[in-house]
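Enquirer: Attaching a predicted model along with its sequence, questions to come.
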Amino acid sequence: MNVVVVGGGIVGLASAHELATRGASVTLVEKGSLGGESTQRAAGGIRTQFSTPVNVDLSLASIPTWESFEEQFGVDIGYRRNGYLFLGRDDGTAADLRESAAMQNDRGGDTRILDPTDATEYCSGVRTDAFQLATYSPLDGFADPNLACQGYAQALPDEGVDVRTKTEVTDVLTGGGSSAGPGPVTGVELDGAETLVADAVVNAAGPWAAELAAMAGIDIPVRPKRRQVVVVDPETPIEDDAPLTIDLDTGVYFRPERDGVAIAGGHFAATDPDADPDAYSTTHDVDWAVTCVERAGDAATYFGPESRIRRGWGGLYAVTPDHHAILEETMPGFVNAVGFSGHGFQHAPATATVVADLVLDESMSDVDVSALAGDRFESGDLVEEQNVA
C-alpha cells in the first residue's frame, strides 16, 4: 500500500514510522524542515491528568514509547518523570479536579489528591494559602520534542520511508465521487507539478491541517492559535525535580529546565484570534511575558520581583472547539490526525498506532477513539477537555 503522510512534525513522523514498520510504502512530505514548526516550540509535557477518558487513554498508551525511546531509537530525549501538579483555587475547579482524578485512576492512572500543604512535598514553592486542592501524578513528566523528532527522523530511512522536505502539497487527488461526496483518495500533487500516487493520505499538517483537508473537499474546524513560552531565571531557583505545575484558574504553568532555571507559559488574553501559520511572530511579547511571570509568582514563591526573563518564543497550537483531536478516516483513503490543541507531542506514539490501524484496516491499538470523530462538531456531541494549558 502506498501512503503519503503530509506533515513532518512529531505526529507525522511517528505515523510514517509506524506505517513503514507495518509494511506500507510511505512518502512523508513536509513543506519546511522536519520538526521545524509547532513541535520544536512545544514545552514537551507528557501527562495523564486530562479530564476526558480518550485523552487519558492516549497518554497511557504513549508512555511506554517515551520510556523506551532511547533503547528503540538510540536518542536520549531527556525524559524526566517529575510528575504534573495541578492546582485549584475555586470550589468548582477543586470539584473538577477530584472528579477527573477518579476517572484517571479508573483508566489506569495514578493521580493523588492533595491538600495544598502536602503539595509542597513535590513543589516547595507553592503558595498554599492560594489554593484549595492539588492533584499530582508520578506517571507524568516531560521530554525534549526536538530530540524526539530527531529520533524518529533518523529511523525513517532505515524503514524505507521517502522523506521529502521543502516540498509542498498543492492538491489532494480523488477519484469517482457521488452525491454523497468526493471519491476515494488517489494521490497528491506537489509543487513542481509532480504527482504522487497513493492509496491513502494522512493529514498530519498541524496548523495547516484545515488547508490540506479543504483540498480533499473536507471542512474541519482546526484553527491555528498562537501560544508563547519564556525561559526564566527565578528569584529563587526551582528544584530540578519539581513537577510541571499548572494553576488552572489563572492559566499559568511552569516547570524546571536545568540548574534552577524555569520554563513558563500560558494563555491569558480574553480573545484568541486565529494566526496565519505562514506569517506569525515566533518571538514572545514583552507584556505577555511580564504577566506570565507575575502569575507564576502568584502561584509559587520562586518567581519574586528579581526574576529575570532570559528569552522566549511563540508557536502555534492547532485547536478544535473542544480541545480534542480529530482522529479518523474522514473519507475513503483520507485520514485526519489533527487538532491536538497542544497535546500532539505527548500523544504522538498512540496516535501513530491508530493512524496505521485506520490506513491498513488493522487493530493494534486498544484506544477507543470514536469520541474523536469529526462529525461531533455538526451533531454537537463535543468532548470538552477542561485541563488545558
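Expert: Right, received. Where do you want to start?
Enquirer: so the closest residue in space to residue 219 that isn't next to it in sequence is in which element?
Expert: Among residues not flanking residue 219 along the chain, residue 213 sits closest, at 7.1 Å (CB to CB, 6 or more residues apart in numbering). Bear in mind the C-beta positions are built from the backbone N, C-alpha and C, glycine included. Using DSSP states H and E, residue 213 sits in helix 209-215.
Enquirer: same for that helix, what does it pack against?
Expert: strand 169-174, strand 200-203, strand 334-338 (3 or more CB pairs under 8 Å, 6 or more residues apart in numbering; DSSP states H and E).
Enquirer: mind giving me JSON lines with those strands and columns for distance to residue 4, mean neighbour count and mean pLDDT?
Expert: Converted to JSON lines, these look like this (distance: least, CB to CB, whole Å; neighbours: other CB atoms under 10 Å; pLDDT from 0 to 100):
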{"stretch": "strand 169-174", "distance to residue 4": "8", "mean neighbour count": "19", "mean pLDDT": "96"}
{"stretch": "strand 200-203", "distance to residue 4": "5", "mean neighbour count": "30", "mean pLDDT": "98"}
{"stretch": "strand 334-338", "distance to residue 4": "10", "mean neighbour count": "28", "mean pLDDT": "98"}
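Enquirer: Need those in CSV (columns: distance to residue 305).
Expert: As requested, the helices and strands packed on helix 209-215 are exported to CSV (distance: least, CB to CB, whole Å):
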stretch, distance to residue 305
strand 169-174, 50
strand 200-203, 47
strand 334-338, 42
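Enquirer: Figure out which of these is closest to residue 101.
Expert: strand 334-338 (28.5 Å; CB to CB).
Enquirer: Now do that closest one and strand 169-174, the angle between them.
Expert: 140 degrees (axes from the mean of the first three to the mean of the last three CA atoms, to 10 degrees).
Enquirer: Could you point out the helix or strand that follows strand 334-338?
Expert: helix 344-360.
Enquirer: any idea how far the lowest-mean-pLDDT helix or strand in the chain is from the chain center?
Expert: Least confident helix or strand, the chain: helix 376-379 with a mean of 94, by mean pLDDT, DSSP states H and E. Here the centre of helix 376-379 is set off from its chain's centre by 22 Å, with CA atoms, centre = their mean, to the nearest Å.
Enquirer: now what about that helix, what contacts it?
Expert: Applying CB atoms under 8 Å, 6 or more residues apart in numbering, the contact partners of helix 376-379 are 221, 320, 321, 322, 382, 383.
Enquirer: try 10 Å
Expert: 219, 220, 221, 320, 321, 322, 324, 326, 370, 373, 382, 383 (CB atoms under 10 Å, 6 or more residues apart in numbering).
Enquirer: okay, these in CSV with pLDDT and distance to residue 314 next?
Expert: Shown next, in CSV, are the contacts of helix 376-379 (pLDDT from 0 to 100; distance: CB to CB, whole Å):
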residue, pLDDT, distance to residue 314
219, 97, 27
220, 98, 24
221, 98, 22
320, 97, 20
321, 97, 22
322, 96, 24
324, 97, 23
326, 98, 24
370, 97, 34
373, 97, 31
382, 91, 28
383, 85, 28
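Enquirer: now residue 125, nearest residue through space, not along the chain?
Expert: Here the residue nearest residue 125, using CB to CB, 6+ apart, is residue 300, at 3.8 Å.
Enquirer: sorry, that was for residue 260
Expert: residue 237 (2.6 Å).
Enquirer: ok, now which ones touch the one you found?
Expert: Neighbours of residue 237 in contact, by CB under 10 Å, 6+ apart: 256, 259, 260, 261, 262, 302.
Enquirer: swap in residue 168?
Expert: Residue 168 makes contact with 6, 29, 30, 31, 32, 189, 190, 191, 192, 208, according to CB under 10 Å, 6+ apart.
Enquirer: can you do 7 Å?
Expert: 31, 190, 191 (CB atoms under 7 Å, 6 or more residues apart in numbering).
Enquirer: could I get those as CSV with pLDDT, neighbour count and distance to residue 282?
Expert: Converted to CSV, the contacts of residue 168 look like this (pLDDT from 0 to 100; neighbours: other CB atoms under 10 Å; distance: CB to CB, whole Å):
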residue, pLDDT, neighbour count, distance to residue 282
31, 96, 20, 16
190, 97, 19, 26
191, 94, 11, 23
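Enquirer: okay, now residue 68: neighbour count?
Expert: By the criterion of other CB atoms under 10 Å, residue 68 has 11 neighbours.
Enquirer: For it, grab phi and psi.
Expert: Recorded main-chain torsions at residue 68 are phi -100, psi 10, according to degrees, to the nearest 10.
Enquirer: And it, what's its pLDDT?
Expert: We note a pLDDT of 98 for residue 68 in this prediction.
Enquirer: What of residue 40?
Expert: 85.
Enquirer: Please apply the same query to the one 3 residues further on.
Expert: With respect to pLDDT, residue 43 scores 88.
Enquirer: before we move on, what about residue 181?
Expert: pLDDT recorded at residue 181 is 60.
Enquirer: Also the one 4 residues further on?
Expert: Looking at residue 185, its pLDDT reads 96.
Enquirer: And for residue 381?
Expert: pLDDT at residue 381 comes out at 87.
Enquirer: again with residue 389
Expert: 77.
Enquirer: ok, now residue 178?
Expert: For residue 178, the model assigns a pLDDT of 46.
Enquirer: Fine, thanks again, bye for now.
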